[in-house]
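>>> Next input, structure requested:
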Amino acid sequence: MSEHEVRRGMTRRELLKRGGVGAAGLTALGAFSGPAFAAETKFTGTINVLGLGVDLIDPIKKAGEKALGFKLNFTVTDSVTMVQKALTQPGSFDVFSGYHYQFDQIWPSGNLVPIDTRRLTYWKEVSHLFTLGKVSANSKCTYGQGDAPFRSMFVNLGGKGPYPVSADKPEAVANYKNPIVQWADETTGRGKGPQPRYVNGVPGNFNMDSMGYNGDVINLAPEKVSWRELLNPKWKGRVSVLNDPGIGMQDLANAMEAAGIMKFKNKGDMTKKEIDGLVKVATSYKKKGQFRSFWTTFNESVNLMSSKEVVIESMWSPAVALLAAQGFPIRFAAPVEGFRGWSGGNAISSKVTDAAKLQAAYDYINWWHSGEPGAIMMRQGYYNAVQGTSKKFVDPGEYAYWILGKPADKDYPGPFGDVSIKKGQTRDGGSFTKRACKYASWNSYFREATYQVKRWNDFLSA
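A predicted model of the protein is given here:
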């Protein structure tokens, strides 16, 4: 594969057509070797983790270092820079705390290695949402369009793994091809043959995103708020959308479909014609003054809502929780059309060749499923791929609120200790199983990503 192909970011679909990426550039096969590669000495150094920051927070760092016995160094940056670093500086991190749609861009570079699920302590407890696409495989829930993790997570090593790797030569490279594959059959709801043994990133945090809105102004229950409210002329000049070409375009696409303006074959992989149509419609609304702004940072989204400059906007769950804790009449929409999903995963750099450090990277990834991290992230409104282990780290009533959709039996804290949930409050959208049953789309990497970014910039400058 040429450098040009790597840099333009071949998608999962192209990888399938090409038969995967060759062995050139892949190192550290110890990351998917057998038990013989286990470290003989305990790691006492530092594991460097690169990510966006929603999970790389001080409470996680403190808890992780205490539980694991080694230091953690979190490098927090934006979604674009983290991908660039993964593509060009694989030696700058040991663990990549990224998102499954980002792996479509990064995987062809060979800078991440296949992770052996047999070395994952809680793999059998990972939600079926990641392996089969639904929490309950035979349910009538929607899969959602785009790069759902079950479509972009598994790696096929040719069915003959594990490949033999000498413990004293972890840099050895086997001759194989490793495409990203989909195991689940969306027609039957079951897996096609034996489950693939390897993944590009181990599922961690995930959630369902939509819109935050001022409940005093938009007097509707969360389940009654449609994506089309982003284009409702009643809110002219009081709407904000996330300034991200992938996420912003999907939110606007959901709004246009809900309003009956446009129909997309796949909102997670739009064609040039669809992108052009979306930009044309969005630009017409922009010139009419529909949008107050296009926010970039978490704090910006909070300030726009708290100042009442906007009444509805693309929003993240922690921002909603923060405003709710301050007594602001914020609500979080559970759109009838479905949520926009996102999924985070932990991957290992190909530059991790030391046996002890490799084991430490696995230990860190396994710790994410052990309960305490899930409990901390739960208080931000996020879910963990292995949620049941979190029960022992939270009050039963707290778990009932966040996961089961029950009214809070008392006040409960956020991830930093401040009161976030008030007694009697119920989570907007209901229980996890209810919220996870309706996906409209997932954060995705388009085959036309370069064109997508160009046209988004055209829209912003119009």
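>>> Just checking, which helix or strand of the chain averages the lowest pLDDT?
Every helix and strand of the chain was ranked by mean pLDDT, DSSP states H and E. The lowest is helix 3-8, at a mean of 30.
>>> Select the longest helix from the chain.
helix 272-287 (DSSP state H).
>>> Could you list the low-pLDDT ranges of the stretch 351-462 of the chain?
Counting by pLDDT under 70, not a single residue of the stretch 351-462 of the chain qualifies.
>>> which residues in it form helices?
355-367, 372-378, 396-402, 432-435, 449-461 (DSSP state H, counting those that start in this stretch).
>>> Turn those helices into a markdown table, columns for mean neighbour count and distance to Lys267.
C-betas here are computed from N, CA, C, even on glycine. Output for the helices of the stretch 351-462 of the chain, formatted as a markdown table (neighbours: other Cβ atoms under 10 Å; distance: least, Cβ to Cβ, whole Å):
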| stretch | mean neighbour count | distance to Lys267 |
| --- | --- | --- |
| helix 355-367 | 21 | 30 |
| helix 372-378 | 24 | 26 |
| helix 396-402 | 19 | 28 |
| helix 432-435 | 18 | 19 |
| helix 449-461 | 16 | 12 |
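>>> With distance to Gly246 as extra columns, can I get these in TSV?
As requested, those are exported to TSV (distance: least, Cβ to Cβ, whole Å):
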stretch	distance to Gly246
helix 355-367	25
helix 372-378	22
helix 396-402	27
helix 432-435	21
helix 449-461	7
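>>> what's the closest non-adjacent residue to Asp209?
Using Cβ to Cβ, 6 or more residues apart in numbering and skipping the chain neighbours, the partner closest in space to Asp209 is Arg340 (4.9 Å).
>>> And Asn254, how close does it get to His100?
Distance of Asn254 to His100, computed by Cβ to Cβ, to the nearest Å: 19 Å.
>>> Gly98 and Asn200: what is the separation?
Distance of Gly98 to Asn200, computed by Cβ to Cβ: 10 Å.
>>> Tell me the residues that contact both of these two, please.
Common contacts of Gly98 and Asn200 (Cβ atoms under 8 Å, 6 or more residues apart in numbering): 345, 347.
>>> Name the residue closest to the centre of the chain, please.
Ser343 (2.5 Å; Cα atoms, centre = their mean).
>>> Dihedrals phi and psi, that one?
Backbone torsions of Ser343, given as degrees, to the nearest 10, read phi -140, psi 130.
>>> Quick check, it in contact with Pro149.
Yes - look at Ser343 against Pro149 with Cβ atoms under 8 Å: they come within range, at 4.3 Å.
>>> Mutual contacts of the two, please.
Counting by Cβ under 8 Å, 6+ apart, the common neighbours of Ser343 and Pro149 are 100, 130, 203, 206, 442.
>>> any weak-confidence spans in the protein?
Across the chain, residues meeting the criterion (pLDDT under 70) sit at 1-40, 158-177.
>>> what domains does the record give for it?
The chain is divided into the following domains under automatic domain parsing: 3-205+341-378, 208-340+437-461.
>>> Those: which one's closest to Ser431?
Across the domains of the chain, Ser431 has its closest neighbour in domain 208-340+437-461 (9.5 Å, Cβ to Cβ).
>>> Could you tell me which strands whichever strand in the chain runs longest is paired with, and in which direction each runs?
Counting by DSSP state E, the longest strand found in the chain is strand 202-214. According to DSSP bridges, strand 202-214 forms sheet pairs with strand 312-315 (antiparallel), strand 330-332 (antiparallel), strand 339-348 (antiparallel), strand 383-384 (antiparallel).
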